[in-house]
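S.K.: Need the 3D shape of this:
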Amino acid sequence: MTNVFSASEVTELTRKSDLRGSWILSCQLGITASCFALAGLWPNLPTFIIGTILLGGRQMGFFVLTHEAGHRTLFKSNWLNAQVSSWITAPMDFMNGRAYVREHLIHHRLVGTDDDPDITNYRDYPISRARLWRKLKRDITGQTGARDLYRKLIGFSRLTSLDSENRAALLRGLIWHLALFAILSAFAVPHLFLMWVVALIFVYPAIARLRQVSEHGAVPELTSNDPRLNTRTTLVGPFVRLLFCPHGVSYHIEHHLNAAIPIFRLHTAHLFLAERGYFQQSDLTYGFVNTLKRMTEVTSA
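M.R.: Modelled structure (predicted):
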């Protein structure tokens with residue numbers, strides 16, 4: 001950091017804000033509610049489909065905020081970060097937020113090495129279009145989502161044998177989903193809960209896959225310790241940001257450069273870096289379509 005930013009810039013870029021964190025969380029919850037409202041106010045098949053697809057993007061948004069709270073940068077208070085993650089963001093898919101953060105911090109420490117715990121998710125890229133399509137077909141047909149959800153829900157059959165942390169995470173997930181069903185029922189639209197489940201099984205897995213491989217797949221040098229070479233930033237428009245890269249998560253080089261920068265300051269960090277020519281060696285990609293092209297720049301299946 002000292003070679004890129006001045007000390008005063010580092011201080012400013014890593015400054016946390018409860019107001020900004022609260023605004024991001026409020027937007028996340030508000031847009032999620034709007035997806036249900038769309039189908040509730042105009043009940044027909046197109047609004048159900050559109051709302052469900054958008055909910056998949058909101059589920060990614062909950063994951064991104066779990067990630068942000070895990071870095072303790074969503075709010076100033078470590079306690080508040082932990083509570084928001086445990087009760088609001090991580091339970092959306094029965095995630096154990098604490099376990100996720102522990103592994104994710106290892107990813108940050110070991111990215112650029114063969115010991116990176118996430119490397120199997122993107123080591124093979126670029127791959128053929130046919131192979132990528134086979135992966136995405138498993139996602140959009142529900143095979144990936146149903147498998148992942150089953151692996152989590154099966155924990156309820158052995159709840160008493162789980163350690164306290166995993167047991168608590170499952171129970172919080174159950175409470176969260178019961179609360180969502182209760183809220184929808186209070187508005188006389190309990191059937192819209194199905195939108196959430198469908199999104200979790202058929203939409204979210206594809207979004208999660210594409211988001212992850214866009215960050216580290218087919219980068220200039222995966223085994224480099226330089227974030228410009230082992231990580232990618234993708235600059236996207238409003239719709240792609242809403243669906244695939246909520247809350248500015250696609251500024252990923254900037255995040256790996258310094259994980260203490262809150263997500264709402266990554267854009268500013270990007271501008272600073274761009275002005276100084278920092279990205280000259282990196283695979284800075286404009287548009288998600290161009291990122292996908294990077295993922296499939298081979299011809300063999």
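S.K.: now the strands for this structure?
M.R.: Assigned by DSSP state E, the chain shows strands spanning 234-235, 285-286.
S.K.: Single out the most deeply packed of the ones you listed.
M.R.: Comparing the strands of the chain by mean neighbour count (mean count of other CB atoms under 10 Å), strand 234-235 ranks first with a mean of 22. Glycine gets a C-beta too; all of them are placed from N, C-alpha and C.
S.K.: Partner strands of it, with direction?
M.R.: Sheet pairing of strand 234-235 (DSSP bridges) gives strand 285-286 (parallel).
S.K.: returning to that earlier point: so which of the strands of the chain comes closest to Ala274?
M.R.: The minimum distance between Ala274 and the strands of the chain falls on strand 234-235, with 9.9 Å, by CB to CB.
S.K.: Now do the same contact list for Phe62.
M.R.: Neighbouring residues of Phe62 by CB atoms under 8 Å, 6 or more residues apart in numbering: Gln28, Ile88, Thr89, Ala90, Met92, Asp93.
S.K.: separation between it and Val213?
M.R.: Distance check for Phe62 against Val213: by CB to CB, to the nearest Å, it reads 20 Å.
S.K.: that older thread, mean pLDDT lowest where, among the strands of the chain?
M.R.: With a mean of 93, strand 285-286 has the lowest mean pLDDT of the strands of the chain.
S.K.: pLDDT, distance to Ala7 and neighbour count added to the contacts of Phe62, as a markdown table?
M.R.: Listed next are the contacts of Phe62 as a markdown table, based on pLDDT from 0 to 100; distance: CB to CB, whole Å; neighbours: other CB atoms under 10 Å:
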| residue | pLDDT | distance to Ala7 | neighbour count |
| --- | --- | --- | --- |
| Gln28 | 98 | 33 | 19 |
| Ile88 | 98 | 35 | 18 |
| Thr89 | 98 | 32 | 25 |
| Ala90 | 98 | 34 | 28 |
| Met92 | 96 | 38 | 23 |
| Asp93 | 94 | 40 | 19 |
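S.K.: For stretch 209-216, C-alpha coordinates in PDB please.
M.R.: The C-alpha coordinates for stretch 209-216 follow below in PDB (Å, rounded to 0.1, in the frame of the first residue of the first chain):
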ATOM      1  CA  ARG A 209     -20.200 -19.300 -10.200                       C
ATOM      2  CA  LEU A 210     -19.800 -16.500 -12.700                       C
ATOM      3  CA  ARG A 211     -18.900 -14.000 -10.000                       C
ATOM      4  CA  GLN A 212     -16.200 -16.200  -8.500                       C
ATOM      5  CA  VAL A 213     -14.500 -17.200 -11.800                       C
ATOM      6  CA  SER A 214     -14.700 -13.600 -13.000                       C
ATOM      7  CA  GLU A 215     -12.500 -12.600 -10.000                       C
ATOM      8  CA  HIS A 216      -9.700 -15.100 -10.300                       C
END
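S.K.: Measure how far it is from the centre of its chain, please.
M.R.: 10 Å (CA atoms, centre = their mean, to the nearest Å).
S.K.: That one - what's its average pLDDT?
M.R.: Taken as a whole, stretch 209-216 has a mean pLDDT of 95.
S.K.: Over to stretch 106-121?
M.R.: When pLDDT is averaged along stretch 106-121, the result is 96.
S.K.: From the chain's centroid, how far away is it?
M.R.: The chain centre lies 17 Å from the centre of stretch 106-121; the measure is CA atoms, centre = their mean.
S.K.: same question, stretch 45-59
M.R.: Per CA atoms, centre = their mean, the displacement of stretch 45-59 from the mean C-alpha position of its chain is 17 Å.
S.K.: So which residues make contact with that stretch?
M.R.: For stretch 45-59, the external contacting residues (CB under 8 Å, 6+ apart) are 28, 31-32, 35-36, 38-39, 92-93, 192, 195-196, 198-200, 202-204, 206-207, 242-244, 246.
S.K.: avg pLDDT for that stretch?
M.R.: Per-residue pLDDT over stretch 45-59 has a mean of 98.
S.K.: can you check stretch 137-151 too?
M.R.: 97.
S.K.: Buried ones in it, by neighbour count?
M.R.: Of the residues in stretch 137-151, Arg138, Asp139, Gly142, Thr144, Gly145, Asp148, Leu149 count as buried by neighbour count, 16 or more other CB atoms under 10 Å.
S.K.: Return the distance of it from the chain's centre.
M.R.: The answer for stretch 137-151 is 17 Å, by CA atoms, centre = their mean.
S.K.: Just the terminal-to-terminal distance for that stretch.
M.R.: End-to-end distance of stretch 137-151 (CA to CA, to the nearest Å): 20 Å.
S.K.: do stretch 110-120 as well
M.R.: End-to-end distance (CA to CA), stretch 110-120: 13 Å.
S.K.: Good, we can wrap up now.
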